[in-house]
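[1] Here is my input; please provide its structure:
(chains A and B)
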2 protein chains.
Amino acid sequence: MEPQTLFWLVPAASLIALLFAAIFFFNMKKADEGTDRMKEIAGYVREGAMAYLKQQYKVVAIFFAIIAVVFGVMAYFGLQNNIVPVAFLTGGIFSGLAGFIGMKTATYASGRVAEACRDEHDGLNRGLKLAFRSGAVLGLTVVGFGLLDISAWYLILDNTGLVRGEGVSKLVEITTIMLTFGMGASLQALFARVGGGIYTKAADVGADLVGKTEFHFNEDDPRNPATIADNVGDNVGDVAGMGADLYESYAGSILASAALGAAATATLVAQGKLAADMAYGEGLKMVMAPMVIGAVGAILSVLGIFIVRTKQGATQSQLMAALNRGINFSGVLIALAAAGVLYLLGIENWLGLWGSIVIGLVVGILIGKVTEYYTSFEYKPVKFIAENATTGPATVIISGIGVGMISTCWPVIFIVLGTIGAYLCAAGGLEFSSANLSMGLYGIGIAAVGMLSTLGLTLATDAYGPISDNAGGNAEMSGLGESVRSRTDALDALGNTTAATGKGFAIGSAALTALALLASYIEELKIAAGRLGDADITLSLFSGPVGKGTEVATWDIATFMSKFEVTLMNPKVLLGIFIGAMLSFLFCGLTMNAVGRAAKRMVEEVRSQLSDKEVLEGRKKADYARCVGISTQGAQREMIVPSLIAVVVPILTGLFMGVAGVFGLLAGGLAGGFVLAVFMANSGGAWDNAKKFIETGDAAFCGKHTPIHDASVVGDTVGDPFKDTSGPSLNILIKLMSMVSIVTAGLNIVFSLL
Amino acid sequence: MEPQTLFWLVPAASLIALLFAAIFFFNMKKADEGTDRMKEIAGYVREGAMAYLKQQYKVVAIFFAIIAVVFGVMAYFGLQNNIVPVAFLTGGIFSGLAGFIGMKTATYASGRVAEACRDEHDGLNRGLKLAFRSGAVLGLTVVGFGLLDISAWYLILDNTGLVRGEGVSKLVEITTIMLTFGMGASLQALFARVGGGIYTKAADVGADLVGKTEFHFNEDDPRNPATIADNVGDNVGDVAGMGADLYESYAGSILASAALGAAATATLVAQGKLAADMAYGEGLKMVMAPMVIGAVGAILSVLGIFIVRTKQGATQSQLMAALNRGINFSGVLIALAAAGVLYLLGIENWLGLWGSIVIGLVVGILIGKVTEYYTSFEYKPVKFIAENATTGPATVIISGIGVGMISTCWPVIFIVLGTIGAYLCAAGGLEFSSANLSMGLYGIGIAAVGMLSTLGLTLATDAYGPISDNAGGNAEMSGLGESVRSRTDALDALGNTTAATGKGFAIGSAALTALALLASYIEELKIAAGRLGDADITLSLFSGPVGKGTEVATWDIATFMSKFEVTLMNPKVLLGIFIGAMLSFLFCGLTMNAVGRAAKRMVEEVRSQLSDKEVLEGRKKADYARCVGISTQGAQREMIVPSLIAVVVPILTGLFMGVAGVFGLLAGGLAGGFVLAVFMANSGGAWDNAKKFIETGDAAFCGKHTPIHDASVVGDTVGDPFKDTSGPSLNILIKLMSMVSIVTAGLNIVFSLL
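    Next up is the predicted model:
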């Protein structure tokens, strides 16, 4: 079938996804909101969340405006295409919008889920369905906006005169410009994750440290002044932050693959392995493949959502099975459909590329399984940490860090094997040549697309976690009684299990996408060199050792790498790797301390409020707004420096160490950041569940409100910023640094030649 | 002056260092051992330490035997020089011997230092001098054995028929073979650091958790059953472990530089920049330079030790000044002497190389200053952590991890700037060519030599820390009273400050040496290729894409890197970087958990003993031997797997991913390991001093035995394995992986060509 025809699946799928998102949203709003007290609580949370998001978008808007102006200036001097500033802005806007809608939905939904859980006969099932479908609003919004943005930009760039060039080189330029909207999405996502992560964990840590540890309150006790801030945090961090994050992953993986597909075709032509007159047609197939697979995945996710339904009075494990049925169904279907898409597109090596996609899916699942093994209390590692609670908080921390560090082993091995596998399938061999490499990298990119193709559904299962969590909060604060709370807890527990799989996909796809983006960086360098070489003002620059701009554009990969001296023995590369590895640590350190500082202020506020006997005994209402204010201020103030680092350091590295240094930086940041992210996420998850294991009372040393339990709470508290602030932000950091390098490639090439 | 003449300074300096080590040792033994109770305590510690070391050497001997046999087989098949197995063994033996002698000295000294501190008039000064001179035994033994081993091997290889080849290629082969004794030293050091680190921290954590936290005992309370094990641990980990560690750093940096000097000369000849008949003479100068600078440094260190003397009744800050005077004096003198050595050797660019050496010294000092800033309670970071103790242990941990992660920033920047500076000075420019690179790398290597040239003295200041610590233990257990204890505490505090500088040198030199070893890996690959290409049995292997062995040996760096596809876009390189970064985490995770497990057994033992009222009230003697046994067993059992990883993974990576993969592994391991090591060392140090700050009572929230103090003890306990087990072991891991790759280069080249 013609690629142009199949392309229309992309906007169509986008509309379908957005349509169902709207349907689920309005259906949810029709549900009963419960008692006045429940409405009041939900109102507080909604207001706090909206107030925060407004504040956040204001700060972010300033950044975006500044960067857009800088890009405009760069474009004026021929260092970038003129359309880049606009593309950058739309990426940011859509990413923010996806988070906003998801959060809006979640804050409307959670009270209603609590109300649904009040049903003594069918509460659990009704709660699950409502929470899950509300989560699906986020999943489908992310996927829908992603595909919308992609298809709209493709249509605009393909059909207007904004892009020069003909044939396959036009495709290369279109797809590379589209990557810059990925940068907008990444930057928005980083702010959302870091800001939201600081907000939620400052509140959570503050609420737990005083409420749980000092006063032995239950979670969400209405006397705890930080409890509303804690519930707002779930929405701000886990819903809005995660939405922006995964929007960026999703769009980024499709865009990177499309750019690599165009580049691979251009390389094949340059190497004489593809006739020039065939080039555009073949290139178009490769560019369309990731988009169409994404579209098919979106449609199948909608189907999968409808499959998640259970009979009345289902048990917990039946509910889990229902959820898994939806995910497995969509997974298998997407795998089959991808084969169909590739075949229909008429790609010669469709079977090989299909292999890459399946490998991507499998690696995502495997990383999820490892995450589950290291973070679920069904298995040894978490039990080991729980046992260490018997000797106090210090050994809980030591063992949790030990387990988290060890847990990095298998994900790295899976990524290594998966990358080699995807490369082999796509390229047909491992030898290092231009043709081979460009196809192999395309395979890696499309493996990431495969991994994320069921995002509409997996994100739904992710997002319903915080919704259920908030429902529990609402139930507790409204005094709905033990049985309702136990149902919301059951829903929450279900969410924790599926979240492990979700994290596997998020981090795995980040690694693959970032690997693919390295290749896009090379392509953009070539384009920038071509653009610079043709422009009069900069021609004089190219008298250095490298060559004229137009020359650079036609180099093959080996020539390119050796001319720019991107070899491991070049000190600039080695030192770039050092800086990259260090940046991940610096970034995590800054965000950890940000949480620490905000949490400390929160603790002091909560302590001071609870020193009032009347508040402590529940006779006087706690001042929730002050705690909300502390979290908001802390997040706004502290999110700026870490986010700036991601933007500024790649540019400075390019300035001082040229292309070779940037390559080192990206490779070091990718490897170091990936390992650190897995460590932090898994340590955090393991501590959380070690505490939960102790609360179950399954082992002799278990039980609540004992010194052993207190020790495990310390672990859980330390784990909060690990797993919900620093760890997930690293996924974005890795990709944003690549995106920044791609967008500023024109600068790098000038610096390298100076 | 003739290089051959100056060479004799090396064995001479070695003998001088060893002679003064012997003098200090026998002088120390003449000192009074104190009361019977003091002798008894010292005897327990000595016995425990010796028993442990014997056990450790048994296990290590088995490993060394196996590896030596494997090397023998490799040599038989032409994959290695025949002398390698023997060189490997001597490195291990000398490294172990240095640790053994240092520990023997320390265990004899500490009781005597306690006795010296009993002198009411001059106790502090007498104690300092005794402890410092006993520490100097370790410093001078390490330096003396290092120079002895180096000069002996050089004489043997130069004057017998063991090495084929003529002129500069003979120099290249000699120096590369000598690197393999570096591998022996590294492996011994890794076992010593990991085993000793587990031992000491299992005991320390166990003793603190029950003794201090649960029963509010003082440090070293004789009722605490783990207290002897704790004191043994100081000797086993901080003396024997550190001795073996720094022996390896010291010898490694000299050997790597010598090898790079020979290689640089060969490259200059191959590039036509040096006449062939001048080659041997010039090469010899470059090979001799690091050895002779080391020798001069050793002699000046002895001088420096004698400068450390103070007038009667000196204050603490005067003592510190005395110590600093010795270090500064030696530092300035060595810097001047190095210029003289380079000039006398007649090296053309002597001024440039001198610049590299000075840069090395300065970077070491700067990293030490950063370490001090982040770990001393005089500055903000530690105070910040201490303040976080007011909100409980969780915020102590969060802020400590945050501070440690942020603290990686400056050391990386200093290493980056220092590397570029040393490279520039030595090579005269940054452009990437064979001649430039080989000289630049030599500059980096010799910067590491400069950094470590005063080791004889700096190690003395390091080693006297654990000696004073043990003296304090002896005083406490012997019931010598508050005033004696306060003097030993003062000595101990002095040691903590100088230790920060020592750590800067250790980690900084590890990074520079490892960078230099990457270059040695290339040289060894060329030699191995030449050896293989000439041997009949393996000639058939060289029909692959790379070329015949003899051809490989003459390639320049750019050709080499591109033929072996060591470019960053090669997936094998990228994946190698991933694996390298992950290995550091895996290694730390395993060692952290090892400490956790052993400490848990220790806690249970101590609790069970103290449940006996009579032991608790001091009426019945605690069973120290059981605790010593737990630490010994834990260390022996747990040190094997982490150490194996360092040996096995580089070989496997070479097997599956060839030379390109190994390069990635080493670069990723180096960058990731360096950053992780700095993080762990600084977090650990900061927690330790945050606790000490709270104990000083300088701030409103301070004071002992309060919940705030307890929270800070949790941080200190978590920091113990950070800073004394996992962190310092990483320095060795980084270099050992390079050493293993160098020694198995013959295998790698075969795998790459298969």
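[2] Render the CA-only coordinates of stretch A:684-701 in PDB, please.
    The C-alpha trace of stretch A:684-701 is given here as PDB (Å, rounded to 0.1, in the frame of the first residue of the first chain):
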ATOM      1  CA  GLY A 684      13.100   3.500  46.300                       C
ATOM      2  CA  GLY A 685      10.500   0.900  45.300                       C
ATOM      3  CA  ALA A 686      12.200  -1.800  47.400                       C
ATOM      4  CA  TRP A 687      12.100   0.400  50.500                       C
ATOM      5  CA  ASP A 688       8.500   1.300  50.000                       C
ATOM      6  CA  ASN A 689       7.500  -2.400  49.700                       C
ATOM      7  CA  ALA A 690       9.800  -3.500  52.600                       C
ATOM      8  CA  LYS A 691       7.700  -1.200  54.800                       C
ATOM      9  CA  LYS A 692       4.500  -2.600  53.300                       C
ATOM     10  CA  PHE A 693       5.800  -6.100  53.900                       C
ATOM     11  CA  ILE A 694       6.300  -5.300  57.600                       C
ATOM     12  CA  GLU A 695       2.900  -3.900  57.700                       C
ATOM     13  CA  THR A 696       1.400  -7.100  56.400                       C
ATOM     14  CA  GLY A 697       2.500  -9.000  59.400                       C
ATOM     15  CA  ASP A 698       3.600 -12.000  57.400                       C
ATOM     16  CA  ALA A 699       6.900 -12.600  59.200                       C
ATOM     17  CA  ALA A 700       7.600 -12.900  62.900                       C
ATOM     18  CA  PHE A 701       9.200  -9.500  63.100                       C
END
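[3] That one and chain B in contact?
    No - applying CB under 8 Å from any CB of the partner chain, one finds stretch A:684-701 separated from chain B by no less than 10.2 Å. In short, each C-beta sits where N, CA and C put it, glycine included.
[4] Quick one: mean pLDDT over that stretch.
    Taken as a whole, stretch A:684-701 carries a mean pLDDT of 84.
[5] Any idea how far it is from the middle of the chain?
    28 Å (CA atoms, centre = their mean, to the nearest Å).
[6] Pull the residues that contact that stretch.
    Residues from elsewhere that reach stretch A:684-701, judged by CB atoms under 8 Å, 6 or more residues apart in numbering or on different chains: A:371, A:374-377, A:381-383, A:385-387, A:389-390, A:396, A:400, A:403-404, A:407, A:496, A:500, A:503, A:702-704, A:708-709, A:712-713, A:715-716, A:718-724, A:727.
[7] The closest residue to chain B within the stretch 301-450 of chain A and residue A:373, how far apart?
    For the stretch 301-450 of chain A and chain B, the shortest gap (CB to the nearest CB) falls at residue A:405, measuring 2.8 Å. According to CB to CB, to the nearest Å, residue A:405 stands 15 Å off from residue A:373.
[8] who's more crowded, these two?
    Each of residue A:405 and residue A:373 has its neighbours counted (other CB atoms under 10 Å in any protein chain shown); residue A:405 has more, 28 against 17.
[9] And the residue nearest to that one when sequence neighbours are not counted, which helix or strand is it part of?
    Nearest residue to residue A:405 in three dimensions, chain neighbours excluded: residue B:589, at 2.8 Å (CB to CB, 6 or more residues apart in numbering or on different chains). When elements are defined using DSSP states H and E, residue B:589 is found to belong to helix B:571-610.
[10] What mean pLDDT does that helix get?
    So the average pLDDT for helix B:571-610 ends up being 92.
[11] tell me which residues in it are buried?
    B:571-603, B:605-607, B:609-610 (16 or more other CB atoms under 10 Å in any protein chain shown).
[12] List the residues that contact the residue nearest to residue A:405.
    Neighbours of residue B:589 in contact, by CB under 8 Å, 6+ apart: A:401-408.
[13] rerun at 6 Å
    A:402, A:405-406 (CB atoms under 6 Å, 6 or more residues apart in numbering or on different chains).
[14] Next to chain B, which bits of the stretch 351-500 of chain A? Give me the list.
    Within reach of chain B by CB under 6 Å from any CB of the partner chain, the stretch 351-500 of chain A has these residues: A:391-395, A:397-399, A:401-402, A:405-406, A:408-409, A:412, A:416, A:423, A:432.
[15] Sorry, wrong one. I was asking about the stretch 601-750 of chain A.
    A:603, A:663, A:667-668, A:671-672, A:675, A:679, A:714, A:717-718.
[16] Counting only helices, which of the residues of the stretch 351-500 of chain A next to chain B make the cut?
    Of those, the ones assigned to helices by DSSP state H are A:393-395, A:397-399, A:401-402, A:405-406, A:409, A:412, A:416, A:423.
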